[in-house]
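# only the shape, not the letters, is given here:
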């Protein structure tokens, strides 16, 4: 018999919807392979919740064009009031990142932990601002906070930093953490496009937001770097500790000069041997694992380790299905 | 207080010696970070054993030019007779791979499991020939067999395949599994050396054995592919199921022609969607994560996943310290 694990999730956007589709499609496979049955009891949205204490019918939720039209919808019931009252095992946060205050997610995390729930999140706000506080509370409560999706999406960098390199300390990190800025730099280099043209193209193709500041300014990368470096190197940093420089001022001349010398310009997040964090454009040897092969919107992470030198992992760092895959992996690991 | 974990190890060559050095150097760090104290009770060698039921003094072992001169040495006492009688928690096998019969390691594995010990191994013989049998026995005994070091050394590919991609099935693997053949192909391509010249250079620099057949013929890669594919895709293959082709016949002409079209030739291990396994030279786009950036003796592993497309991990796939790091990581995971 599969072990029943009750889920309360917040946020029904791209990632939340992808997770519901995956839970529906993989129900049988998850039961067979991991002996787990995930039962969704609540979806919290900004204007109410979909809730059934014994579990929502996943097929009906997955098929609904708008969950507000389902009979279990309760307008005006909010996560902040409900999380502590409700019975479920894992609180899964897939709401958008609030880079300034991490609200309301940080409050939800605390209420979930204080009422005996694990937390799985794709929202990086609470961890880029309150990593130590959240982890300390989780430890005190004997619960877990899992966050694979916050950095590199389904690329298992957090899992690797937590347990894949046991006993082999990570002493430095270099990473291409933001797909938008990597896309722009790649297009500039391969097509000799100006920054503005490449940005416009990225926006038209859906790789960049209408306001691209967080991506091209390095702030999104800085938040991810904080979470990864805190995990891998035992630091207690926040995004305010990261020296951050964007790619707005990179010219075609700079790219051409780099190319001539065998380099590409990449927007790197670096955690150095002394625990200093920075995000900035940097020359990388073209023909190296962090170089020209990391094209378009890919992400790449280099861990410099004490016993085995460089270990590099790369893949797609964004996308609803990718983030849902990371969330599911955490849900399985936390339930085992 | 740290949890005491007793270790019996077999094989005191490059990897075994590196592990003893690491256990000595990291004793305090392992206790602090993981709450574990590894106590080495036995080192089995081909002609006897070094043994102290309450634990060998790691400093004395690490400092000894030859363990046979230490007072705890007992000539003629063999692992096959001793494993079941002795009290320890983890049997760590670091003996050389026997590609034909997997002996004596396979017998040692069974005796360890049957007498209630976990197994951690850097020796891939037993798993490339008897994967299913070993895993079934471990399951029956309620013990674990851990083998990160057998594939890609400290690159955490086994860990990733086992738990990093939970719920996101790996549907295809492409991998550069053998550093020697990759070194030779890299030198041929970058220096326009003939195969024979590059092989001779690899031998002089210690990247290739005097008899290089296992590496350049693809048999070493085939063994690793079996272990990885069985782990990642739930197969029950042995090395005899792998269609294997070496790189001996690759000419400079072929490499030059590939180069002209934007490709490099890599010696790839492939596990396809139908569970077919093969090792052979293959064209790979030069400017891709499995392409020209994987230089020299590096390894690289591409997992094609159902939910998040390609995830690629690369690093140094060989070396005594690298293998010891992987063994230590497994020892920690199995003890937690």
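Arrived safely. Keep in mind it's a predicted model, so treat the numbers as computed, not measured. Numbering: from 1, shown residues only, chains lettered A, B, ... in the order given.
# okay, residue A:322 and residue A:187: tell me how far apart.
21 Å (CB to CB, to the nearest Å). Glycine gets a C-beta too; all of them are placed from N, C-alpha and C.
# and what of residue A:302?
Residue A:302 sits 23 Å away from residue A:187 when distances are taken as CB to CB.
# now do the contacts for residue A:229.
Residues near residue A:229 by CB atoms under 8 Å, 6 or more residues apart in numbering or on different chains: A:173, A:235, A:237, A:271, A:275, A:277.
# and the first one, bridged to which residues?
This means residue A:173. Taking DSSP bridges as the rule, residue A:173 bridges to residue A:271, residue A:303.
# what about residue A:246? Give its phi and psi, please.
Per-residue torsions, residue A:246: phi -90, psi -170 (degrees, to the nearest 10).
# what residue spans form the domains of chain A?
Per the record, chain A has its domains at A:3-154+A:320-335, A:162-316, by automatic domain parsing.
# any idea how far the first one is from the chain center?
Here domain A:3-154+A:320-335 is found 14 Å from its chain centre; the criterion is CA atoms, centre = their mean, to the nearest Å.
# who in the stretch 201-336 of chain A is up against chain B?
Within the stretch 201-336 of chain A, the positions near chain B by CB under 8 Å from any CB of the partner chain are A:287-289, A:291-295, A:298, A:300, A:305, A:307-316, A:319, A:321-322, A:324-326, A:328-329, A:331-333.
# PyMOL command for the buried members of those?
Only the buried entries of these go into this PyMOL selection, using 16 or more other CB atoms under 10 Å in any protein chain shown:
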select buried, chain A and resi 287+288+289+291+292+293+294+295+298+300+305+307+308+310+311+312+313+314+315+316+319+321+322+324+325+326+328+329+331+332+333
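# among the residues of the stretch 201-336 of chain A next to chain B, which are in strands?
Using DSSP state E, the subset of those located in strands is A:298, A:300, A:305, A:309, A:310, A:311, A:312, A:313, A:314, A:315, A:316.
# widest-spaced pair of the residues you listed?
Across these, no pair lies farther apart than A:309 and A:316, at 25.5 Å, counting by CB to CB.
# what number of residues lie near residue A:234?
Number of residues near residue A:234 (other CB atoms under 10 Å in any protein chain shown) recorded here: 11.
# dihedrals phi and psi, it?
Dihedral angles (degrees, to the nearest 10) for residue A:234: phi 70, psi 30.
# over to the one 10 residues further on?
Backbone torsions for residue A:244, taken as degrees, to the nearest 10, come to phi -120, psi 130.
# wait, it touches residue A:279, no?
Yes: here residue A:244 reaches residue A:279: they are 4.8 Å apart, a contact under CB atoms under 8 Å.
# list residues touching both of these two?
Common neighbours of residue A:244 and residue A:279 (CB under 8 Å, 6+ apart) are A:218, A:221, A:222.
# can those residues go into a markdown table with extra columns for secondary structure, distance to residue B:267 and neighbour count?
Putting those into a markdown table (DSSP: H, G, I helix; E, B strand; the rest coil; distance: CB to CB, whole Å; neighbours: other CB atoms under 10 Å in any protein chain shown) gives the following:
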| residue | secondary structure | distance to residue B:267 | neighbour count |
| --- | --- | --- | --- |
| A:218 | coil | 39 | 28 |
| A:221 | helix | 35 | 30 |
| A:222 | helix | 40 | 27 |
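# now the end-to-end length of stretch A:211-224.
This stretch, stretch A:211-224, spans 19 Å end to end (CA to CA, to the nearest Å).
# would you pull up how far it lies from the middle of the chain?
So, by CA atoms, centre = their mean, the centroid of stretch A:211-224 is 13 Å from its chain's centroid.
# may I see the buried residues of it?
Of all the residues in stretch A:211-224, those buried under the rule 16+ other CB under 10 Å are A:212, A:214, A:215, A:216, A:217, A:218, A:219, A:220, A:221, A:222, A:223, A:224.
# and stretch A:195-203, what's its mean pLDDT?
Average pLDDT, stretch A:195-203: 96.
# which residues of the stretch 51-200 of chain A fall in helices?
Counting by DSSP state H, counting those that start in this stretch, one finds helices in the stretch 51-200 of chain A at the ranges A:58-63, A:79-82, A:105-114, A:125-141, A:157-159, A:179-191, A:195-204.
# make TSV out of the ones you listed and add mean neighbour count.
What follows is the helices of the stretch 51-200 of chain A, written out as TSV (neighbours: other CB atoms under 10 Å in any protein chain shown):
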stretch	mean neighbour count
helix A:58-63	15
helix A:79-82	17
helix A:105-114	22
helix A:125-141	19
helix A:157-159	26
helix A:179-191	23
helix A:195-204	17
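# tell me the pLDDT of the closest residue to residue A:294 other than its chain neighbours.
Leaving aside its chain neighbours, residue A:294 sits nearest to residue A:300 (4.5 Å; criterion: CB to CB, 6 or more residues apart in numbering or on different chains). Model confidence at residue A:300, given as pLDDT, is 98.
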